[in-house]
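In: need a structure here:
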Amino acid sequence: MIMKLFSSSSRSRERFLEAILQSAIEYAIISMDLDGLVTTWNEGARRLLGWEEAEIIGKPAAVIFTQEDLQAGIVQREMTAALAEGHGNDERWHVRKDGSRFWASGQMMALTSDDGEVEGFVKILRDRTEQRENEERQRVLMHELSHRMKNTLTVVQAITSQSFRNAGSMEDAEQAISARINAYSKAHDILLQQNWLSTTMATIVEATAINLGLETSGRFKANGPAVELGPQAALCFSLVLHELVTNAHKYGALSADTGTVEIDWSVRDEAGDKRLNFNWREVGGPAVEAPTKKGFGSRLISSSLSAFGEVAVDFATTGLVLRMDASLQKLQYKNYSDSEE
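Out: Below you'll find the model as predicted:
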């Protein structure tokens, strides 16, 4: 009678443990013998890894490891750690039945009998792919933000130093710095609305017009097809256009009642290389003379737009003309962190 009670209790305990094992569906729980062959395979393992219990029992548990880890002896290393320390931590890529990979965290532990003899191992895994991808995205975003901040601070520093260098007074410098940083800030706002991926030439030109109160003026004309600009090109064009319009107001076409500014751009295909032709023309203003020294605008053009292609500035007596011939691929490059100011 006593033997029957013990036997019944043992079977109940086994069923209880089996129920717990199978109900842990968020975890892949795999036991294996000393040769690394699968002896139990719970429902969580089936869902996560794809093999049915009947087709994996007796097969090497090593099938869930990547080829790189198998060649590096990771399975043996985990078993050794489990024997020496009681467990071996697992944070790596694993392989499903269909060949797809997922990032898992878990442990491998040694299974021992009542008398302390090692009988095999148990491996517990949990899918952490989403968490790892989120962490990777966060790392990339922080890296990108760091580059953006450094580049932005570099531009602001250049704006400040150049504004002071070319200003006639502290008041002039303050106004110039404020206007230039505001133009740069507007371009940032535009890019942020597009998740910092791109914007269009028309949007940048329109923002410049609005920023300087020219959006309803018939003296500021712009025309061109839809052309996408990457973050770096968009920021450069914003600053350059701001300088060009500001100078046109002070000395060029917009300083006279009859003067106009005409902007146009087009795209051509040159042996498979798409290129942008951009033109700025001032007409109807006072006679133009070439400056005796380079100002902020001239330095900005040579240090920014010229990075994308060939830029020519002509101080024609009839009005300033700027022409740009640039690679569309360079202008549309989105990896801001790899670019330079």
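
In: after the helix or strand where residue 312 lies, next one along is what?
Out: Assigned by DSSP states H and E, residue 312 belongs to strand 309-316. Counting by DSSP H and E, the next helix or strand C-terminal to strand 309-316 is strand 319-327.

In: what's the offset of that next one from the middle of its chain?
Out: Relative to its parent chain, strand 319-327 has a centroid offset of 31 Å by Cα atoms, centre = their mean, to the nearest Å.

In: what angle separates it from strand 309-316?
Out: Per axes from the mean of the first three to the mean of the last three Cα atoms, to 10 degrees, the angle that strand 319-327 makes with strand 309-316 is 170 degrees.

In: averaged pLDDT, strand 319-327. What do you get?
Out: The average of the pLDDT scores along strand 319-327 is 93.

In: got the residue ranges for the strands in the protein?
Out: 28-33, 38-41, 87-95, 101-112, 118-127, 199-200, 220-223, 228-229, 260-270, 273-283, 309-316, 319-327 (DSSP state E).

In: which of the ones you listed sits most buried?
Out: With neighbours taken as mean count of other Cβ atoms under 10 Å, those reach their highest mean count in strand 228-229, at a mean of 22. Bear in mind the C-beta positions are built from the backbone N, C-alpha and C, glycine included.

In: ok, residues contacting that strand?
Out: With contact meaning Cβ atoms under 8 Å, 6 or more residues apart in numbering, strand 228-229 is reached by 198-201, 204, 237, 331-332.

In: turn those residues into TSV, columns for distance to residue 119 and pLDDT.
Out: As requested, these are exported to TSV (distance: Cβ to Cβ, whole Å; pLDDT from 0 to 100):
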residue	distance to residue 119	pLDDT
198	60	78
199	65	86
200	68	90
201	71	92
204	70	91
237	71	90
331	66	91
332	62	88
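
In: how much space is there between residue 158 and residue 314?
Out: 25 Å (Cβ to Cβ, to the nearest Å).

In: what's the answer for residue 213, then?
Out: Per Cβ to Cβ, residue 213 is found 27 Å from residue 314.

In: same question for residue 71.
Out: 64 Å.

In: mind pulling the model confidence for residue 52?
Out: pLDDT, residue 52: 94.

In: got the contact list for it?
Out: So residue 52 contacts residue 46 (Cβ under 8 Å, 6+ apart).

In: just the residues contacting stretch 216-225, thanks.
Out: With Cβ under 8 Å, 6+ apart as the criterion, stretch 216-225 contacts 201-202, 205-206, 209, 214, 245, 253-254, 259-267.
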